[in-house]
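Undergrad: would you be able to build a 3D model of this:
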Amino acid sequence: MLLAGCAELPVPPPELESAARPQADSAADGLFRLAGRIAVSHNGESFSGSLRWSHAAGEDEIFILSPLGQGVARIVSNSAGTSLETAEGRGYRASDVESLTEEALGWRLPARGLQYWVMGRPAPDGAAEGELDDNLQFRTLRQDGWRVDYLGYRIVQGILLPAKLEVTLGERLRVRLVIDDWVLP
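TA: This is a model prediction of the structure:
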């Protein structure tokens, strides 16, 4: 379903620019832009491609691209709701990213928690448990039925951030992210 059609969505340029702000503020406020690779395995089917995500206060814009860099889906979430546009021009609307991606793409992207998990911390609005490594960074985090395995970290703008993580929901859904570029405002 994701790779059907030849149409393309407009995609932002791969270069991510940063604004000058103190690094401590960047880590504290959770604002980020990232670019990386995504692999999804769901009920015996799989998809891989790349991902560009811009997260700001009250607004997210996520581009999912094919392995060749063509736009597959553009997701926008803000106070007005959540919308998804496919390369074929189909539009979907919902109240949250999770239900929208499940309806349109066939698998659930846990964006509500993922916005915190990619920063290496639990979401503040739910109980969480986890295991830390020798550097006191999460090795594993469990929250809201999801399991997050941190497979690698790297220093970005003086802050240790996840570079590779795998998010699973039982045996039926696995989302692996490899974050190649981070920008903290």
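Undergrad: Arg147: neighbour count?
TA: 15 (other C-beta atoms under 10 Å). Where you see a C-beta, it was placed from the backbone N, CA and C, and this is true even at glycine.
Undergrad: tell me which element the closest residue to it other than its chain neighbours falls in.
TA: Closest residue in space to Arg147, ignoring its immediate chain neighbours: Thr168 at 5.0 Å, by C-beta to C-beta, 6 or more residues apart in numbering. Using DSSP states H and E, Thr168 sits in strand 159-169.
Undergrad: would you mark the buried spots in that strand?
TA: Residues of strand 159-169 classed as buried by neighbour count (16 or more other C-beta atoms under 10 Å): Ile159, Leu161, Pro162, Ala163, Lys164, Leu165, Glu166, Val167, Thr168, Leu169.
Undergrad: all helices of this structure, in order?
TA: Per DSSP state H, the chain carries helices over the ranges 23-29, 97-105, 111-117.
Undergrad: now pLDDT too, for the buried residues of strand 159-169, in CSV please.
TA: Shown next, in CSV, are the buried residues of strand 159-169 (pLDDT from 0 to 100):
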residue, pLDDT
Ile159, 93
Leu161, 96
Pro162, 97
Ala163, 98
Lys164, 98
Leu165, 98
Glu166, 98
Val167, 98
Thr168, 97
Leu169, 95
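Undergrad: wait, doesn't Leu114 sit right on Glu166?
TA: No - when contacts are counted by C-beta atoms under 8 Å, Leu114 is not listed as touching Glu166 (11.8 Å).
Undergrad: can you give me the neighbour number for the closest residue in space to Arg108 that isn't next to it in sequence?
TA: Leaving aside its sequence neighbours, Arg108 sits nearest to Glu102 (C-beta to C-beta, 6+ apart; 4.5 Å). Neighbours of Glu102 under the rule other C-beta under 10 Å: 16.
Undergrad: now do Glu102, the pLDDT please.
TA: As predicted, Glu102 sits at a pLDDT of 92.
Undergrad: so who does Ser48 touch?
TA: With contact set as C-beta atoms under 8 Å, 6 or more residues apart in numbering, Ser48 has these partners: Arg37, Ile38, Ala39, Val40, Pro67.
Undergrad: so what's the nearest residue to the last one once chain neighbours are set aside up against?
TA: The one in question is Pro67. Closest residue to Pro67 apart from its sequence neighbours, by C-beta to C-beta, 6+ apart: Gly49 at 5.4 Å. Contact partners of Gly49, counting by C-beta under 8 Å, 6+ apart, are Leu2, Arg37, Ile38, Ile64, Leu65, Ser66, Pro67, Val72.
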